[in-house]
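**Q** my questions are about this predicted structure, shown below with the sequence.
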Amino acid sequence: IMANLLTMQFCATLRKPGNLKPLRSTSTALTNKRSYNSEDREYLHKSIVPTMHYQKSLPRLPVPKLEDTIKRYLAAQRPLLDDDQFSTTEKLARDFENGVGKQMHEELVAQDKRNKHTSYISAPWFDMYLSARDSVVLNFNPFMSFNPDPKTEYNNQLVRATNMVASAVRFMKTLRAGLLEPEVFHLNPAKSDTDSFKKLIRWVPSSLSWYGAFMVNAYPLDMSQYFRLFNATRIPKQGKDELFTDPKGRHLLVMRGGNMYVFDVIDRDGNLVKPAEIQAHLKHILSDPTPAAAHPLGLLTSENRDTWARLREKLLATGNGEVLGLVDSALFCLCLDDESMNDHIHISHNMLHGDGTNRWYDKSFSIIMAKCGNAAINFEHSWGDGVAVLRFQNEVFKDSTENPLVNPGSQPAAVDSASAVRRLQFNLDAELENGVIKAKENFHAAVSKLTIDAMQFMKGGKEQLKKKKLSPDAIAQLAFQMGFLRQYGQTVATYESCSTAAFRHGRTETIRPATIHTQRCAQAFVQQPGKHSVEQLIGMLSECSKYHGQLTKEAAMAQGFDRHLFAMKYLANSKGQALHSLYQDPAYAAINHNILSTSTLTSPAVNLGGFAPVVPDGFGVGYGVHDEWIGCNVSSYPERNVHEFLQCVHKSLEDIFSVLEGKPLS
């Protein structure tokens, strides 16, 4: 069965958390029309197949063979090291494989067999995120911005915020009622994405349902993360944070000018509050004359986690437990910003970090709504990956644009919003006020170092590359390798994340796009432009594409090396065992110092996405390969020049597409 799963088509869809576009998915194909009953405002849709129907029978995340992990590790190290360095690393890796590594691998496999309800990576991955003491801002939280509403007049801040809140609540209700369409990839939708198949599969026991879907080339995905979308917050604790979820919360948290407000969006019977009432409450908040908060507490969520944990304890000790509980248990956070966005760069900075005053970065996700109607999701990353967030974003975009519950001419309900909306008030002493002031200084010191720039290559895209039988993702990744080589003369550690949601409690695996093939090809294009014929260069492009496709397939099937090595290291640390020399090797540190951190995302709902570099001397590369063009949204700190990098990437794409047109390099 697992051998059959290694289809190139399927793996291409799982390249990056959220990259759910290339194949038709029941849940994310936004072009699918669904019937809508205007009287039934409680649910987005009512799936015939229960939401979690496939969860019990999902295949378990496999632990790779140790010899395969070592082989893949050395292949990824080869382009990053000179001959002497590689010889040292190879000896250490072989010693590990034949000695201590064998024992660690066996212990990991034995532990995995004792925990069949989950995956071997789940607990270590949660621990890694929650134990990190760095600020979640820039270091962890990414953003994905919504496309504008196609109906221009609906991009009004109040109208759009109301519709998105209503759609978000409807999504939550649909999910919790078990009526949300399961996340399934259909390789043959004519057979599997049909009412007749769904009526049949719903009667197959959950313990067998995955196999029934597999028989018709449909692949259900893990949905275990979805419950943490709503009423969830990361709570700072000394040494290691905790994830808090309270599904009983019926209220929304709204932020404006650093002030915090709550009001119920679900009534006592569990129904969506009338959209006209939600609109009235949001209008009340937008017109509230209360000055911007003098000490906006949201800034504390941008602090070092131990610092924030200490200040939170102080907040609790000074009588703020009840209001903090309202913040933590709110369905989600809606940030109403008072400024308008001018361009993509402005949007990226605002949605990634903003000025720190009008955010609560610890909420599982926040919808940010600018004055101009530009909207985005900023999400806390420890609880889950982009797959769940993108599904939510796709559904909210589709529902709020196709089935808006208020319109530009709608009148807010005549209700007493002054009573329904509560502005949260906190008791702050001098220590807490100073904590906010210090947090603001630290925040601005951090974000002032971040530069973001964007590029659009308009001379070709996915369609042209597919005609040449080249992987669009492989060519984009090759352009980054060429660009970095052109700018800095080096090949460096590169990270591309791949979802392993095809498995129960899967998280991610790493694709390593810097290979001996990309190195050879980049050197030919950049350093030896006149030395190779067009045919030779096209041959090199083809080699890069094939090998990248192989790496993608392996990663999607949880057959990379990164998570396996990480889990064995985590196991050794948890038992107090000394780490093998492989983990002390400078080459191991270097390959995990990801100078190029990359993420691809394409969705009809998403305009652009972005994140900060994961290391001080790195680039954070968000990109999308579209039918006729390729776009990049890239961030850097002062140690790198992002503007020059994008110029080098653009030049690299020009060279690649010129060669594909049969023109020799000049």
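**A** Nice, I can see it.

**Q** show me where the stretch 301-450 of the chain has its strands.
**A** Along the stretch 301-450 of the chain, the segments classed as strands by DSSP state E, counting those that start in this stretch run 333-336, 365-369, 375-379, 422-423.

**Q** show me what the last one is packed up against.
**A** By that I understand strand 422-423. Counting contacts by 3 or more C-beta pairs under 8 Å, 6 or more residues apart in numbering; DSSP states H and E, strand 422-423 packs against strand 259-264. No exception for glycine: its C-beta is placed from N, CA and C like everyone else's.

**Q** now the strand it packs on: average pLDDT?
**A** Per-residue pLDDT over strand 259-264 has a mean of 98.

**Q** tell me the buried residues in that strand?
**A** For strand 259-264, the neighbour count (16 or more other C-beta atoms under 10 Å) marks 259-264 as buried.

**Q** residues in contact with the helix or strand that comes right after that strand?
**A** Moving toward the C-terminus from strand 259-264, the next helix or strand (DSSP states H and E) is helix 275-286. If you take C-beta atoms under 8 Å, 6 or more residues apart in numbering as the criterion, helix 275-286 is touched by 41, 157-159, 161-163, 165-166, 254, 256, 261, 263, 265, 334, 336, 405-406, 410-415, 417-418, 420-421.

**Q** going through the residues you listed, which ones are buried?
**A** The neighbour-count test (16+ other C-beta under 10 Å) marks 41, 157-159, 161-163, 165-166, 254, 256, 261, 263, 265, 334, 336, 405-406, 410, 412-413, 415, 417, 421 as buried among the contacts of helix 275-286.

**Q** tell me which of those fall in helices.
**A** The helices, defined by DSSP state H, take in 157-159, 161-163, 165-166, 417 from the buried ones among the contacts of helix 275-286.

**Q** least confident pick among the residues you listed?
**A** Where pLDDT dips furthest among these: residue 417, at 92.

**Q** which one, of the strands of the stretch 301-450 of the chain, ends up nearest to residue 128?
**A** strand 375-379 (17.2 Å; C-beta to C-beta).

**Q** could you give the mean pLDDT of the closest one?
**A** On average, strand 375-379 scores 97.

**Q** who does that strand pair up with?
**A** Strand 375-379 sits in its sheet next to strand 143-146 (antiparallel), strand 365-369 (antiparallel), going by DSSP bridges.

**Q** would you list the ones you listed in CSV and tack on distance to residue 400?
**A** CSV is the format used below for the strands paired with strand 375-379 (distance: least, C-beta to C-beta, whole Å):
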stretch, distance to residue 400
strand 143-146, 9
strand 365-369, 10
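
**Q** which one of those lies nearest to residue 308?
**A** Closest to residue 308 of the strands paired with strand 375-379 is strand 365-369 (C-beta to C-beta; 16.9 Å).

**Q** send me that closest one as PDB with only the CA atoms.
**A** Output of strand 365-369 as PDB, limited to C-alpha atoms (Å, rounded to 0.1, in the frame of the first residue of the first chain):
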ATOM      1  CA  PHE A 365      -4.700  32.500  15.300                       C
ATOM      2  CA  SER A 366      -5.800  36.100  14.800                       C
ATOM      3  CA  ILE A 367      -7.600  37.600  11.900                       C
ATOM      4  CA  ILE A 368      -6.100  41.000  11.300                       C
ATOM      5  CA  MET A 369      -8.400  43.500   9.500                       C
END
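
**Q** who's in contact with that strand?
**A** 143, 157, 160-161, 164-165, 168, 229, 332-337, 350-351, 354, 359-360, 375-380, 389, 392.

**Q** now with 6 Å, please.
**A** With contacts defined as C-beta atoms under 6 Å, 6 or more residues apart in numbering, strand 365-369 is touched by 157, 161, 164, 332-336, 351, 375-379.

**Q** using JSON lines, lay out the residues you listed together with distance to residue 79.
**A** JSON lines is the format used below for those (distance: C-beta to C-beta, whole Å):
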{"residue": "157", "distance to residue 79": "49"}
{"residue": "161", "distance to residue 79": "48"}
{"residue": "164", "distance to residue 79": "45"}
{"residue": "332", "distance to residue 79": "43"}
{"residue": "333", "distance to residue 79": "43"}
{"residue": "334", "distance to residue 79": "46"}
{"residue": "335", "distance to residue 79": "43"}
{"residue": "336", "distance to residue 79": "48"}
{"residue": "351", "distance to residue 79": "34"}
{"residue": "375", "distance to residue 79": "41"}
{"residue": "376", "distance to residue 79": "36"}
{"residue": "377", "distance to residue 79": "36"}
{"residue": "378", "distance to residue 79": "35"}
{"residue": "379", "distance to residue 79": "33"}
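
**Q** any idea which of the strands paired with strand 375-379 gets closest to residue 531?
**A** When the strands paired with strand 375-379 are compared by C-beta to C-beta, strand 143-146 sits nearest residue 531, at 42.1 Å.

**Q** coming back round to it: put together a markdown table for the buried residues of strand 259-264, with distance to residue 185 on each row.
**A** Converted to a markdown table, the buried residues of strand 259-264 look like this (distance: C-beta to C-beta, whole Å):
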| residue | distance to residue 185 |
| --- | --- |
| 259 | 43 |
| 260 | 40 |
| 261 | 40 |
| 262 | 38 |
| 263 | 39 |
| 264 | 37 |
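
**Q** all strands of the stretch 151-300 of the chain, in order?
**A** Under DSSP E, counting those that start in this stretch, the stretch 151-300 of the chain gives strands at 184-186, 218-220, 232-235, 242-245, 251-256, 259-264.
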